[in-house]
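> just to be clear, the model below is a prediction. Sequence and coordinates:
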2 protein chains.
Amino acid sequence: MAHVPASERRPQLVQAALDLMAREGVAAGSTRAIAAELGVAQATVHYTFGTKKDLYRAVVEQLTAEFIGNVRAADPGDGPFGEQIRALVHALWENSTRGDGHCELLSEFAALAMRDPDLQEIMSAMQREIEGTAAEMLTALAEAHGIRLALPAREVAVFFLAGFDGLTDRHLAQRTPGEPADPDTLRGLEVLIATAVGLCLGAPAIS
Amino acid sequence: MAHVPASERRPQLVQAALDLMAREGVAAGSTRAIAAELGVAQATVHYTFGTKKDLYRAVVEQLTAEFIGNVRAADPGDGPFGEQIRALVHALWENSTRGDGHCELLSEFAALAMRDPDLQEIMSAMQREIEGTAAEMLTALAEAHGIRLALPAREVAVFFLAGFDGLTDRHLAQRTPGEPADPDTLRGLEVLIATAVGLCLGAPAIS
């Protein structure tokens, strides 16, 4: 490959690492394999990512940016508040379970983070960013509808994302990626949306 | 070690494998390491577990049995329905986050199952058993209180367990095992309990 400046090389390497790990798992993402994926020298990978932590952080940041970009780009339609939430969550679900291995990779990182303080720090930052984005979008939607949220947006976001992660894991741990979810999971998603909307609007069971 | 019959050796080996993997991760659970953990010959491990799948299944079954045993043994107290649910969920949370590495191990198995059809089958069976137990306990509690559930027990169980798994992962991916959960996670747990009880009793936002 011709020489390219580091500013171009870095995103190429991050994408190559992401593609490789999404396809074959985190363990497959050695510097040797990443170099081979892009057809560069192994030293280039070492030069770009000083440590494994730098590499993991770059890949998780790329995954986070993609994820947030996809949700922000989703069309909530022009229905009432609850319908817009529903449309956004379904777009999020499609993105998370489309079989590109990205969601599987995040679950793998999350499991590894439970034993690795470096990864823990990286995953915590990602969690904060995703929860912050969800809270911000929820607040904007509510304002656009003149709704005063009955529960802080952040609490609804943490509750919703935990349920969403649990359902995604349930789906991915049981189904081949790309296959449709089973009826129990889809029903769980509908119940989750209904309860999240209920929390926003002030369902009486919630203290 | 003196010769012991296979019927005794097997549970010892399963426990040794579980202890080892809970401490050091799934990847650390080679037949050689398991044999060393219990002080037996490597051939004994091979003889007891024909394949890696047999070994993983035995460990996951042991984890499932422990988990279900702990929940069944928890004291719901003698308060009203919602209070009993709350007491059981808090017992479940204590068990899941007590820092013995068992929950971390299950998350690791779940992530691996996304790429491994053998593990997928094992984890699906576990999921069905846990959801079935939760639905059964919920039904029994409702009956004891003369409550007719507004949503099928199984739907509430799937919804609740997805949220619970998501919150457990949130906690474990951010905190050192054994440390208390952060306020956001604990608040998420309270919201999850309140919505689950609301679903049982017929909160109006739920269709």
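Perfect, I can see it now. In this text, all values refer to a predicted model and were calculated from it rather than measured experimentally.
> domain map for chain A?
A:1-50, A:60-201 (automatic domain parsing).
> residue B:72: which of those is closest?
domain A:60-201 (21.7 Å; Cβ to Cβ). Glycine gets a C-beta too; all of them are placed from N, C-alpha and C.
> next, the distance between the ends of the closest one.
In domain A:60-201, first residue to last residue: 34 Å (Cα to Cα, to the nearest Å).
> and that domain, how far out from the chain middle?
The chain centroid and the centroid of domain A:60-201 are separated by 7 Å under Cα atoms, centre = their mean, to the nearest Å.
> quick one: contacts for the residue most central in space within chain A?
For chain A, the residue nearest the mean C-alpha position is residue A:67 (4.7 Å; Cα atoms, centre = their mean). Taking Cβ atoms under 8 Å, 6 or more residues apart in numbering or on different chains, we find residue A:67 in contact with A:95-96, A:102, A:130.
> taking those residues one by one, which sit in strands?
Secondary structure defined by DSSP state E assigns none of the contacts of residue A:67 to strands.
> residue A:92 in helix, strand or coil?
At residue A:92 the chain is in helix, as set by DSSP: H, G, I helix; E, B strand; the rest coil.
> can I assume it is in contact with residue A:72?
No. Residue A:92 is not in contact with residue A:72 according to Cβ atoms under 8 Å; the separation is 10.7 Å.
> which residues of chain A fall in helices?
In chain A, the helices defined using DSSP state H lie at A:6-24, A:31-38, A:42-48, A:52-73, A:81-96, A:102-113, A:117-144, A:153-174, A:183-201.
> possible to save these as TSV with mean pLDDT and distance to residue B:16?
Listed next are the helices of chain A as TSV, based on pLDDT from 0 to 100; distance: least, Cβ to Cβ, whole Å:
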stretch	mean pLDDT	distance to residue B:16
helix A:6-24	91	30
helix A:31-38	92	33
helix A:42-48	91	39
helix A:52-73	93	30
helix A:81-96	93	37
helix A:102-113	91	22
helix A:117-144	94	27
helix A:153-174	94	25
helix A:183-201	95	35
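> re earlier: ranking the domains of chain A by burial, who's on top?
domain A:60-201 (a mean of 19; mean count of other Cβ atoms under 10 Å in any protein chain shown).
> please report the distance of residue A:110 from residue B:18.
As for residue A:110, its distance to residue B:18 is 21 Å (criterion: Cβ to Cβ, to the nearest Å).
> again with residue A:59
For residue A:59 relative to residue B:18 (Cβ to Cβ), the value is 31 Å.
> now residue A:41
In terms of Cβ to Cβ, residue A:41 sits 43 Å off from residue B:18.
> with residue A:173 instead?
19 Å.
> what of residue A:101?
From residue A:101 over to residue B:18 (counting by Cβ to Cβ), the distance is 29 Å.
> picking that back up, quick check, nearest of the contacts of residue A:67 to residue A:87?
Closest to residue A:87, out of all of these and judged by Cβ to Cβ, is residue A:95, at 12.9 Å.
> leaving out sequence neighbours, find the closest residue to that closest one.
residue A:70 (4.6 Å; Cβ to Cβ, 6 or more residues apart in numbering or on different chains).
> my read: the one you found touches residue A:91, true?
Yes. Judged on Cβ under 8 Å, residue A:70 makes contact with residue A:91 at a distance of 7.4 Å.
> got the contact list for the closest residue to residue A:106 other than its chain neighbours?
Closest residue to residue A:106 apart from its sequence neighbours, by Cβ to Cβ, 6+ apart: residue A:63 at 6.0 Å. When contacts are counted by Cβ under 8 Å, 6+ apart, residue A:63 touches A:18, A:102, A:105-106, A:126.
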